[in-house]
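Novice: Below is the structure, and that's it, no one-letter string:
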C-alpha cells in the first residue's frame, strides 16, 4: 500500500500545484476561497464535539450553511460549560465536478443528520457525511450544481459557510479517472490524496474521482499508475469522458472489466475479459501495434450537430493500455484502416453521409494528410497499400467519376496519378504482385489491373468448375470495356465471375464468392484460384457467410455463417478450413468478427448497455479457442 500512497501523493502535487497558501479564518473574521481553494481554521484544542444542527438560509445568489456545535457532555449534563469556538476544520472548494468537502476535527457525534436537510436549496444537489480513519476527521461532502466562491465566518460555536454563486464556464468535456474504492479511502486503507470523493449520478454511491484531463493519454497514464500500484486485483480504475460538472454513472465504474462468454469451443464456453472496452478492432501493424476505433457522442449541452465522432486508439505492443491518437481531425464514421508495409503510415477511411475521404497519418511527423485534398476527391470506395513501398492505391474521385488512382506520401510533390483513364468501379481493392484486384460491379467479375502501364493486352480465359458440371467450362466475358481485344493498352484481365473476393497474404491465391443459382440469390459457391496458373477449384458450395477470409499462412481460411435453424445463445458458427477439409470450428455470439491476418487471432465484438446506450467491447481469441486476453 505504501507504493500506492507514494504514487497518488505525486498526483496530488499536480492537482494542487496552482494553489496558493491556505487561508485561515480567525475567530469572528471571514476567509474566502474560489473554486480549487482550501480554507482552514477553528480551534484544534477542542475535543468531544457534537454537530448539534445545520441551518440553511438561501438568499438570491448566496446561501449560508451554518453548523452549530456543542460539547458532547452537554447531552448528559445540561449544566456543563458551553464552547465558545468551533472545532478545527478544513474546507475544500473543488473544481468540476463542483463540491465542497468539509473536514471537521474532534467530532464524536453528529445529530445534525437527523434535524436538517442540506439539499433544501438550489446550490446543493447532494450531501454525504462519513467519518474517515485516514485523518480521524468527520467529512461532509456537498455536491454542487455550479461553481461557487466560499466565505467562512466563525461566530463563537457557529461555523457559517457562505456559498456565493459563480457563473458556469462554457461546457466542455474532460477525461477523468474513476476509482470505486471509496470504502477503502474512508477506512484509511487507501491514501488517495490525488483523488477526492464524489457522488455518482444516482446521488447514492460514492467513488473517487481525479481532476479533469484535457488529453485522454494523461488520464490513461494516471489510470495505469494506480492499477500498477494497487494491491487489490479485483478493483481497477476506469477512465470516463464527462461534461462539465457531470456526475459519473455507477454503471460505468466497474470494479474490473467484466468477463463475458463469447464462444463455445469443444463444448466449453470461452469466458474472456475484453481486450479493449467501448471500441472495435480496426487493424494490426507490422510491429504488432493494434488499432481500435471508439465512437463517442457529443455533449448534449453543446451547440453542435447531433452526430457521433470516432476516435482512434492504438495499443502498442507490450503496453498495458491503448493510447488515443491525436490526429487533430474529427472522424465521423471510420469504416476501414490499414498500416503501410513499414508501419510509417496509417490509412484511415472516414465515411459520412455524403463523403468517403481517405486520410494518411504519418507517425514520424505526427501529421495527417487528407488525400481528398491531394487529388483523391471526396469519395473513396476502397484502398490498398503497395507491399514493398509506401504507395497507396484507391478507387476514388468524385462520386460520379471515380477511377483507379495512386499516391506516394513519401513523395507528395509527385501528386496523385491515375493508373488508367477508364472509369473505376464501386469496389474494394487489393494490391498484389504488381496488380490491383477489384470487382467489376457491372458484370460481377473479379478483374485485375496492372498497376503500371503494360505494352500489350492479353486475353485470359479462366476455368471455373460449376458444382453441377463434371468438367470445367471456359468462362468468357462479353464486356468489351473490361477486356478489349482491339485496344493494346487495355490493362484489365478477367479472373473469374465473382461478387466478392479475398486475396491471400502473399498475393498468390484468391478466393471468390459467386452465385451460380439464379433461383437462390443468397446462396454462394466458394472458389479458390491460383493467381499464377489461373486454375480454379470449387471448395465449398451452398454457403452464405457473414464474413470470411484467409488466415496468415495463406493455406487455411475461415468462414462464419448464421446458424439460422439454431436460435441458441451462440447463433453463429466459425469454421476453419484447409482446402475443402474442415479442421477446426467453434460457435460464437456475434457476427462482428474479424481475423487478424498478422497473428491469426480473431477479434469479436459484443455489446453491453451502459448509461442506456449500447457500448461495444472487443475480445480476442486464437485459433485453438484460447483467449489471449485472460
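Specialist: Received it, and whenever you're ready, just let me know what you need. These numbers were taken from a predicted model, which means no experiment stands behind them. Numbers count the residues shown, from 1 in each chain.

Novice: can you give me the helices for the stretch 151-300 of the chain?
Specialist: Remark: helices assigned in the stretch 151-300 of the chain by DSSP state H, counting those that start in this stretch are 182-187, 216-229.

Novice: Spatially, and excluding backbone neighbours, which residue is closest to residue 444.
Specialist: Distances taken as CB to CB, 6 or more residues apart in numbering put residue 499 closest to residue 444, at 5.4 Å, once the chain neighbours are dropped. (C-beta placed from N, C-alpha, C; glycine too.)

Novice: Pull the contacting residues for residue 314.
Specialist: By CB atoms under 8 Å, 6 or more residues apart in numbering, the contact list for residue 314 reads 289, 290, 291, 292, 322, 323, 325.

Novice: Nearest to residue 564 among these?
Specialist: Of all those, residue 292 has the smallest distance to residue 564: 30.7 Å, by CB to CB.

Novice: quick one on the thing from earlier: between the contacts of residue 314, which is nearest residue 47?
Specialist: Distances from residue 47 to the contacts of residue 314, taken by CB to CB, are shortest for residue 323, at 51.1 Å.

Novice: partner residues bridging that closest one?
Specialist: Legend: beta-bridge partners of residue 323 under DSSP bridges are residue 314.

Novice: Distance-wise, check it relative to residue 608.
Specialist: Distance of residue 323 to residue 608, computed by CB to CB, to the nearest Å: 23 Å.

Novice: now swap in residue 369 and tell me
Specialist: 36 Å.

Novice: who's more crowded, those two?
Specialist: With neighbours defined as other CB atoms under 10 Å, residue 369 and residue 608 compare such that residue 369 has more, 18 against 15.

Novice: quick one: the helices in the stretch 351-500 of the chain?
Specialist: Taking DSSP H, counting those that start in this stretch as the criterion, the stretch 351-500 of the chain carries its helices at 371.

Novice: List the contacts of residue 128.
Specialist: 140, 141, 143, 197, 199, 206.

Novice: In JSON lines: these, plus pLDDT.
Specialist: Output for those, formatted as JSON lines (pLDDT from 0 to 100):
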{"residue": "140", "pLDDT": "95"}
{"residue": "141", "pLDDT": "94"}
{"residue": "143", "pLDDT": "95"}
{"residue": "197", "pLDDT": "92"}
{"residue": "199", "pLDDT": "91"}
{"residue": "206", "pLDDT": "89"}
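
Novice: and the residues you listed as a markdown table, adding distance to residue 342?
Specialist: Putting the contacts of residue 128 into a markdown table (distance: CB to CB, whole Å) gives the following:
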| residue | distance to residue 342 |
| --- | --- |
| 140 | 59 |
| 141 | 53 |
| 143 | 52 |
| 197 | 49 |
| 199 | 50 |
| 206 | 50 |
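
Novice: which among these end up buried?
Specialist: Taking 16 or more other CB atoms under 10 Å as the criterion, what is buried in the contacts of residue 128 is 140, 141, 143, 197, 199, 206.

Novice: For residue 360, give the beta-bridge partners.
Specialist: Beta-bridge pairing for residue 360 (DSSP bridges): residue 347, residue 369.

Novice: For it, list the residues it contacts.
Specialist: Residues counted as contacts of residue 360 (CB under 8 Å, 6+ apart) are 345, 346, 347, 348, 368, 369, 371, 392, 409.

Novice: Now the second one: closest residue in space that isn't a chain neighbour?
Specialist: Spatial nearest neighbour of residue 346, chain neighbours left out: residue 361 (4.5 Å); criterion: CB to CB, 6+ apart.

Novice: Pass me the low-pLDDT residue ranges in the stretch 251-400 of the chain, would you?
Specialist: Low-confidence segments of the stretch 251-400 of the chain, defined by pLDDT under 70: 254-258, 298-306, 320.

Novice: Do a quick rundown of the strands in it.
Specialist: For the stretch 251-400 of the chain, the strands defined by DSSP state E, counting those that start in this stretch occupy 260-265, 268-272, 276-277, 280-284, 290-296, 309-315, 323-324, 334-339, 345-351, 356-362, 367-370, 379-385, 392-397.

Novice: and those strands, which is most packed in?
Specialist: Ranked by mean neighbour count, these are led by strand 392-397 with a mean of 25 (mean count of other CB atoms under 10 Å).

Novice: Provide the strand pairings for it, with the direction of each partner.
Specialist: Sheet pairing for strand 392-397, using DSSP bridges, gives strand 379-385 (antiparallel), strand 403-407 (antiparallel).

Novice: residues in contact with the last one?
Specialist: Taking contacts as CB under 8 Å, 6+ apart, the residues outside strand 403-407 that touch it are 371, 374-376, 391-397, 415-424, 429, 436, 438, 449, 451.

Novice: OK, contacts around the residue nearest the centre of the chain?
Specialist: Against the mean C-alpha coordinate of the chain, by CA atoms, centre = their mean, the closest residue is residue 294 at 3.5 Å. Taking CB under 8 Å, 6+ apart, we find residue 294 in contact with 278, 279, 310, 311, 313.

Novice: go with 7 Å
Specialist: Contacts here follow CB atoms under 7 Å, 6 or more residues apart in numbering; on that basis residue 294 touches 278, 279, 311, 313.

Novice: Over to residue 514?
Specialist: Per CB under 7 Å, 6+ apart, neighbours of residue 514: 497, 498, 499, 524, 525, 527.

Novice: ok so, going back, possible to save the strands of the stretch 251-400 of the chain as CSV with distance to residue 232?
Specialist: CSV is the format used below for these (distance: least, CB to CB, whole Å):
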stretch, distance to residue 232
strand 260-265, 22
strand 268-272, 22
strand 276-277, 19
strand 280-284, 30
strand 290-296, 27
strand 309-315, 24
strand 323-324, 25
strand 334-339, 36
strand 345-351, 37
strand 356-362, 38
strand 367-370, 41
strand 379-385, 45
strand 392-397, 47
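
Novice: and of those strands, who's closest to residue 570?
Specialist: Minimum separation from residue 570 across those (CB to CB) falls at strand 260-265, 4.8 Å.

Novice: returning to what we had before: quick one: which of the contacts of residue 514 sit in strands?
Specialist: The strands, defined by DSSP state E, take in 497, 524, 525, 527 from these.

Novice: about what we covered before: ok, of the contacts of residue 514, which come out buried?
Specialist: 497, 498, 524, 525, 527.

Novice: mind listing what the second one touches?
Specialist: With contact taken as CB under 7 Å, 6+ apart, residue 498 is in contact with 439, 444, 445, 446, 512, 513, 514.
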